[in-house]
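Engineer: build me a structure from this.
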Amino acid sequence: MNDSCYKKSNKKMNATSTLPILYSLRNCPYAMRARLAIFKAKQTVLLRDLVLSNKPVEMIAVSPKGTVPVIVLANGTVIEESLEVMLWALQETDPADLLHCHQEGATSAMLLLINEFDQGFKVCLEAYKCAKRYQEDNVAECREVCQQYIQQLEQRLTAHLFLMSDKESLADIALIPFIRQFARIERQWYLQSPYPMVRQWLNSYLQSAVFTKVMAKHPLWLDEPQDVLFGGN
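Structural biologist: Here you go, the predicted model:
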């Protein structure tokens, strides 16, 4: 998945609403971070929650690859990658300045960090998850590879409150869903691991009202085809 830049797709569909339509999957980390950005940007979308084993024909029609998140803007533009959705939302409105727009080079630095984790950490994380799930004998080795990335975050969070500075940024909300997955694989090990700043940072999100709202469970759209208003807080 290439989430390294913001490029609007040229795909079009007939606009059926004045609000964007977001196809999402509640526990997918990519969809999760897209929802976080939309919520932080105070954008309002029509949320259609789904399961990948039963994909709506409306979504496949505009995005044949069949993965989430997918957002269809009111003008018919389709955005198919999570980071592009995040950038769309925050370039529309960014009340908390998550892009650090007044700091030269800040957004580029965030995108470099996100790309490093998307391309490197995600591969290690999947190997770690599989090793634990299938009780393979290389769980510790897979964990150690992931720790190279976690150590980098620990160093950053020792230097300041968030990943880039003392201000929350795009990088924080882009990486949180994947660090959440890491923390759940071997829960007892994680709680005793030498990463107190990472734990504190992750917990501050998981225990927040924002995360609760972003992770709220909604009826599946195909079971009850009624759009849910999301965001705009």
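Engineer: contacts for the longest strand along the chain?
Structural biologist: For the chain, the strand with the greatest residue count under DSSP state E is strand 44-49. Contacts with strand 44-49, where a contact means CB atoms under 8 Å, 6 or more residues apart in numbering, come from 17, 19-26, 35, 38, 56, 59, 71, 218-221, 227-232. Every C-beta, even on glycine, is put in place using the N, C-alpha and C of the backbone.
Engineer: got it, and stretch 95-109?
Structural biologist: So stretch 95-109 is contacted by 37, 40-42, 90-91, 94, 110, 164-165, 167-170, 172-173 (CB under 8 Å, 6+ apart).
Engineer: using CSV, list the CA coordinates for the host helix or strand of residue 33.
Structural biologist: Following DSSP states H and E, one finds residue 33 within helix 29-40. Only the C-alpha atoms of helix 29-40 are listed here, as CSV (Å, rounded to 0.1, in the frame of the first residue of the first chain):
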residue,chain,number,x,y,z
PRO,A,29,-5.6,0.1,11.3
TYR,A,30,-5.6,2.0,8.0
ALA,A,31,-9.3,2.8,8.3
MET,A,32,-8.7,3.7,12.0
ARG,A,33,-6.1,6.3,11.2
ALA,A,34,-8.3,7.8,8.4
ARG,A,35,-11.1,8.2,10.9
LEU,A,36,-8.8,9.7,13.5
ALA,A,37,-7.7,12.4,11.0
ILE,A,38,-11.3,13.1,9.8
PHE,A,39,-12.4,13.5,13.4
LYS,A,40,-9.4,15.7,14.3
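Engineer: chain center to that helix: distance?
Structural biologist: In terms of CA atoms, centre = their mean, to the nearest Å, the centre of helix 29-40 is found 5 Å from the chain centre.
Engineer: relative to residue 131, how far out is the residue positioned nearest the centre of the chain?
Structural biologist: With distances taken as CA atoms, centre = their mean, the chain has residue 33 as the residue nearest its mean C-alpha position (2.0 Å). Taking CB to CB, to the nearest Å as the measure, residue 33 falls 24 Å from residue 131.
Engineer: how about the contacts made by residue 127?
Structural biologist: 142, 145.
Engineer: start the count at 55 instead of 1 going forward.
Structural biologist: Right, with 55 as the first residue, what we last looked at is residue 181.
Engineer: tally of neighbours for residue 175?
Structural biologist: Counted with other CB atoms under 10 Å, residues neighbouring residue 175 total 22.
Engineer: listing partners with orientation, what would you give for the helix or strand that contains residue 77?
Structural biologist: Residue 77 belongs to strand 75-78 when assigned by DSSP H and E. Sheet pairing of strand 75-78 (DSSP bridges) gives strand 98-103 (parallel), strand 124-126 (antiparallel).
Engineer: before we move on, the earlier item: which residues touch the helix holding residue 87?
Structural biologist: 55, 57, 76, 78-80, 99, 101, 121-123, 125, 136-137, 139-141, 143-144, 149-150, 152, 224, 227-228, 230-232, 234-235, 264-265, 267-269, 284-285, 287.
Engineer: would you confirm that residue 179 contacts residue 200?
Structural biologist: Yes: using CB atoms under 8 Å, residue 179 is in contact with residue 200, at 6.0 Å.
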